[in-house]
Every structure is written in C-alpha cells, then in structure tokens.
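Asks: I'd like to go over a predicted model; first the sequence, then the structure.
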Amino acid sequence: MKLFYRKYGQGPPLIIVHGLYGSSDNWVSIARKLAKNFEVYLIDQRNHGKSPHSADHNYDLLKEDLREFMDNQSIEKAIIIGHSMGGKTAMFFAVDYPERISHLIVADISPRSYEETNSEQQLVHAKIIHAMYNLDFYGIENRDEIDDILAKDIPDDRVRQFLLKNVKRSKDNEYSWIINIKTIRNELKNILIGLNENQKEIVGFPVLFLKGEKSDYIVEKDFKLISRIFPYADIETIPDSGHWLHAEQPELFLNKIEYFILQ
C-alpha cells in the first residue's frame, strides 16, 4: 500500500509512525525540530490520515506497509520512532527486519497484548470507537456540535480534541471521518494484540522505551517482558505526562530522543 507521507530536513533517515486515531499531521512540530539533524519522514498508516483505506488492519500488514515505504524511498536503514499502535508496528517490523533499523524508539506501549477481556485499554478504545462509529453527521453544521455529541461518551476534552482532528468537511459543507472507523472497529482485537509470548530476543540496534508517568500503557510488570525481548533496551519515564507524552511534554520528549540517538 502506498502511504501518504511528509518529509522534513536532511541527514540520517528517521521515520515516525503515529498511533491509533492519529496521523502524520499530529507530529509536524516534533518533526520540524528533529529536522535540524535528520531527514524526517512522517507516515500516515493505512486507514488513517491521507493514506488509503482497507478492510483489513493488522500488524502483518502494517509492518509490510512500512517496509514497502522504505523500499519506495530507497531507505536501507532508518531510525524508527513509533507511538502506541505505531510502536507496535515498529516492534513487529523489528521482528522481521532488524537489519533495517539503526535505532528503535517506542513511545508508551509495551510488547504485551492489551486485548484481555475488560482490560482498561480495551474498554476505553471500545467506548471511543463506539462513539465515533455511531455519530450521525447528518444536519451537523460545525465542529462544536460534533464535540458536544462525543462528550456524552468521551468526557476527556483532550481526547475529544485529538479525535476531532479526524473530522473533514466537504465542499458541500458535509462532515465525515477521515479515519476508516468501520475497519478500526472491526479490527480492534488485532490492534490490541502483542508480540508472540515466545518471541526470541531482538538485538543489533539501540532500543529506547519511553513511558508517560501518568499512563498505564507501560506498567512495572512490563519491564521484565521488555527486557526479555529487547535485552539491551533502555526504559525511561517522561514526568508529568500521560499516553500522548509527545504532545504533553514535547521538549522533554525531544531531549530524550536526541540524547539517545546522538550520544
């Protein structure tokens, strides 16, 4: 699948892979700052942003989309930063194509599965997707109306503002989702899976896991699993940040990344 992308700067190639409900647009400010040292590529994963839609959405496909993108851009090896679902894409990519990674940075996601019945993450995403899927855009005149409807099921204003970036308006002033919410709903189980429990060690390049201090996507019990699969990984915490640590603490996030890569 030919993915939409944005490109900034010159230097060693660095690819940023966004998370669920996200897009390359969410990472432009980070990319512009990294562009002073790197050639930064921001991709839209399938069913997100300006990339094509598909009825399927799983990490076998997402990792191959990433490989195809690198092939098309003649990128032999890259620094890869993945957030949340994008971090899972990056980890699955590392399983099959470790030789194509120079550094791996995983932002606020563990290699484990999050699909356990009634897990907090599963329940949160199911509720968000239900609200998005069932939103009827007919007769809606502005984004404030959309926000009011979503607020009934999604009380967190920060989350709603993030989701509203997925709303587009046609020339006829009709609103719709950019994201392929139907496929995301149908494929949520595949999005929440983790690496194989018997996954062999992945080595050959430096690895950094960044955890949001207030986030529960990486918890203490995950440290052992991370260290088993990525035995030389560093695990660091971004203070006073939740799951969207790159948006909540952008300077600290950038400092951690640049120090890790350039040290």
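Replies: Ah, there it is.

Asks: make it CA atoms for all contacts and neighbour counts henceforth
Replies: Will do.

Asks: Please export the C-alpha coordinates of stretch 231-243 as CSV.
Replies: Coordinates of each C-alpha in stretch 231-243 appear next as CSV, following Å, rounded to 0.1, in the frame of the first residue of the first chain:
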residue,chain,number,x,y,z
PRO,A,231,17.6,-7.2,26.3
TYR,A,232,19.6,-4.0,25.8
ALA,A,233,16.7,-1.6,25.9
ASP,A,234,16.7,1.5,28.0
ILE,A,235,13.4,2.3,29.7
GLU,A,236,12.8,5.9,30.7
THR,A,237,9.9,7.9,32.0
ILE,A,238,8.6,11.3,30.8
PRO,A,239,7.4,13.1,34.0
ASP,A,240,4.0,14.7,34.3
SER,A,241,2.8,13.1,31.0
GLY,A,242,0.1,10.7,30.0
HIS,A,243,-0.2,8.5,26.9
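
Asks: How far does it sit from its chain's centre?
Replies: Distance of stretch 231-243 from the chain centroid (C-alpha atoms, centre = their mean, to the nearest Å) equals 16 Å.

Asks: Kindly report the same for stretch 87-101.
Replies: Centroid displacement of stretch 87-101 relative to its chain, using C-alpha atoms, centre = their mean, is 14 Å.

Asks: now it: mean pLDDT?
Replies: Computed over stretch 87-101, the mean pLDDT rounds to 98.

Asks: Okay, buried residues for that stretch please.
Replies: Residues of stretch 87-101 classed as buried under the neighbour-count rule (16 or more other C-alpha atoms under 10 Å) are 87-95, 98, 100-101.

Asks: so of these, which ones are in helices?
Replies: Judged by DSSP state H, helices contain the following of these: 87-95.

Asks: possible to save those residues as CSV with distance to Glu68?
Replies: CSV is the format used below for these (distance: C-alpha to C-alpha, whole Å):
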residue, distance to Glu68
Gly87, 17
Lys88, 17
Thr89, 13
Ala90, 14
Met91, 16
Phe92, 14
Phe93, 11
Ala94, 14
Val95, 16
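
Asks: Look at His125 and give its secondary structure.
Replies: Classification of His125 by DSSP: H, G, I helix; E, B strand; the rest coil places it in helix.

Asks: To which secondary structure element is the nearest residue in space to His246 that is not next to it in sequence assigned?
Replies: Once its chain neighbours are removed from consideration, His246 has its nearest residue in Phe253; the separation is 5.7 Å (C-alpha to C-alpha, 6 or more residues apart in numbering). Secondary structure assignment for Phe253, by DSSP states H and E: helix 250-262.

Asks: what does that helix contact?
Replies: The set of residues external to helix 250-262 that reach it, using C-alpha atoms under 8 Å, 6 or more residues apart in numbering, is 30, 34, 103, 105, 208, 238, 245-246.

Asks: same deal with stretch 182-195?
Replies: Under the criterion C-alpha under 8 Å, 6+ apart, residues 47, 54-59, 85, 88, 91-92, 110-115, 122, 126, 129-130, 133 lie in contact with stretch 182-195.
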